[in-house]
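>>> Could you work out the structure for the sequence below:
(one chain, ligands or ions: 1)
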Amino acid sequence: MSSKKVKNSDKSTAEKTTNNGDSFLDQTLRPTKWEEYIGQKHIKDNVKILLRAAEERGHIPEHILFYGPPGLGKTTLAHLIAKETGKQIKITSGPAIEKVGDLASVLTNLSPGDILFIDEIHRLNKMVEEILYPAMESGVLDIIIGKGPSARTIQLDLPPFTLIAATTRVALVSSPLRSRFSGGVFRLEFYSNEEIAEIVKRSSKLLKVKLENEALKEIAQRSRFTPRTANYFLKRCRDYAQVHKKTLDQETVKGALDMLSVDGMGLNSGDRRFLETLIEKFNGRAVGLKTISAALSEEETTIEEVVEPYLIQLGLLERTARGRVATKKAYEHLGFSDKIKKPASSSQGGQNNLL
Ligand code: ADP
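This is a model prediction of the structure:
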């Protein structure tokens, strides 16, 4: 199998430094102990029980699925579980497993007790998925040899393994696949500002950055309730402070994040353009995903997975049966308060939901 399709978690420093900045940052700042993994208490409590019970029974932990927007800590949880169980973690992703043979190769190369982490599991194709079912349930690999009437199935026993999967689109994971995660299906929540502040504090220590308290709060407030974004902003602010020879106080953070076009609520230019398009171009009408995606020349998946969850969380967007609608709060935040009371013209076939 090609080394691209699956990788071990222990990367050499050289390998790390050749990665792009974001994944390098993820690895440097990734918590390595449960105590360092802030928030998501419900998940941590459940997973710890699951691991402990499995250990006491002398079994390997059951399969687990994590879902939620990107950057909330799904991969980190998989690494922590591997650490806790003292087993190796092998990492791959839905799009990397194109053929049945790819999955067969990944599974037969596992050692007993290994953790197999499949990111973006919603992107596995149907044929691959069907091979995964018996592997998850009964620890066997069904291989069909030959074609037509002479085709026959042979069954290979696999080493026992725990599958940990992650997805940003749980609705796209078929229900037969979902039901095979016998250890649980867990949804990661957005973080509170206090939790994000705690994460940034830890990261600033690791990066040896001196950060004033107000600066910490400012980063937390603009970080989309997402640890990866918070860590990214911290790094950008550090660069900005270094180049401008400033201390990292609230003003510096504001300067750095304004330069990145991130406003006080954490909206970036893409988020604002999305809301402005709903308000101005569609005059406040409910708009379907396809239409807004075409209007913005933005992929539907990016809109659904990255842009909308945060706007909904902030109460700036509503998904109604008829489509997406910007809320009153969005009008106010973007300086369109004057438009709130104006009814949308009836010739445009909709009505302004705000009224
Ligand atoms: P996902 O797999 O959900 O996209 P990751 O697990 O890769 O997200 O997390 C991205 C980065 O955010 C991690 O490298 C880590 O530095 C940070 N992070 C995520 N969750 C937490 C957490 N609960 N506590 C501290 N840092 C976190």
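
>>> how many neighbours does the residue of the stretch 151-300 of the chain at minimum distance from the ligand have?
Per C-beta to the nearest ligand atom, Pro227 is where the stretch 151-300 of the chain lies closest to the ligand, at 3.4 Å. No exception for glycine: its C-beta is placed from N, CA and C like everyone else's. One way to gauge burial is a neighbour count; for Pro227, by other C-beta atoms under 10 Å, it gives 28.

>>> Name the nearest residue to it, ignoring sequence neighbours.
Leaving out its chain neighbours, the residue that sits closest to Pro227 by C-beta to C-beta, 6 or more residues apart in numbering is Ile199, at 5.0 Å.

>>> Contacts for the helix or strand hosting Ile43, please.
Per DSSP states H and E: Ile43 is located in helix 41-57. The set of residues external to helix 41-57 that reach it, using C-beta atoms under 8 Å, 6 or more residues apart in numbering, is 34, 37, 60-62, 64, 66, 77, 81, 84-85, 183-184, 186, 188.

>>> now it: how far from the chain's centre is it?
22 Å (C-alpha atoms, centre = their mean, to the nearest Å).

>>> Please name the strands paired to the helix or strand following it in the sheet, noting orientation.
Moving toward the C-terminus from helix 41-57, the first helix or strand encountered (DSSP H and E) is strand 64-67. The partner list of strand 64-67 in its sheet, established with DSSP bridges, is strand 162-167 (parallel), strand 184-187 (parallel).

>>> among these, which is the most enclosed?
Burial among the strands paired with strand 64-67, expressed as mean neighbours by mean count of other C-beta atoms under 10 Å, is greatest for strand 162-167, which shows a mean of 26.

>>> Let's test this: mean pLDDT of it, rounded?
Along strand 162-167, the predicted confidence averages to a pLDDT of 98.

>>> So which elements touch the next helix or strand after that strand?
Going down the chain from strand 162-167, the next helix or strand is helix 175-178, by DSSP H and E. Using 3 or more C-beta pairs under 8 Å, 6 or more residues apart in numbering; DSSP states H and E, the elements in contact with helix 175-178 are helix 126-138.

>>> Adjacent strands (with direction) for the helix or strand following the helix it packs on?
Taking DSSP H and E as the definition, the helix or strand that follows helix 126-138 towards the C-terminus is strand 140-145. Looking at strand 140-145 with DSSP bridges, its paired strands and their directions are strand 152-157 (antiparallel).

>>> Just the C-alphas of the strand it pairs with, formatted as CSV.
Only the C-alpha atoms of strand 152-157 are listed here, as CSV (Å, rounded to 0.1, in the frame of the first residue of the first chain):
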residue,chain,number,x,y,z
ARG,A,152,-16.4,-17.1,-4.6
THR,A,153,-15.9,-15.3,-1.2
ILE,A,154,-13.0,-16.1,1.1
GLN,A,155,-12.9,-14.8,4.6
LEU,A,156,-9.8,-13.6,6.4
ASP,A,157,-9.6,-13.1,10.1
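
>>> i'd like the first residue to be 138 from this point on
All set: I'll call the first residue 138, so the last point we hit is now strand 289-294.

>>> Report the angle between that strand and helix 263-275.
With axes from the mean of the first three to the mean of the last three C-alpha atoms, to 10 degrees applied, the angle from strand 289-294 to helix 263-275 works out at 50 degrees.

>>> buried set for strand 289-294?
Neighbour-count burial for strand 289-294, with 16 or more other C-beta atoms under 10 Å as criterion, is recorded at no position.
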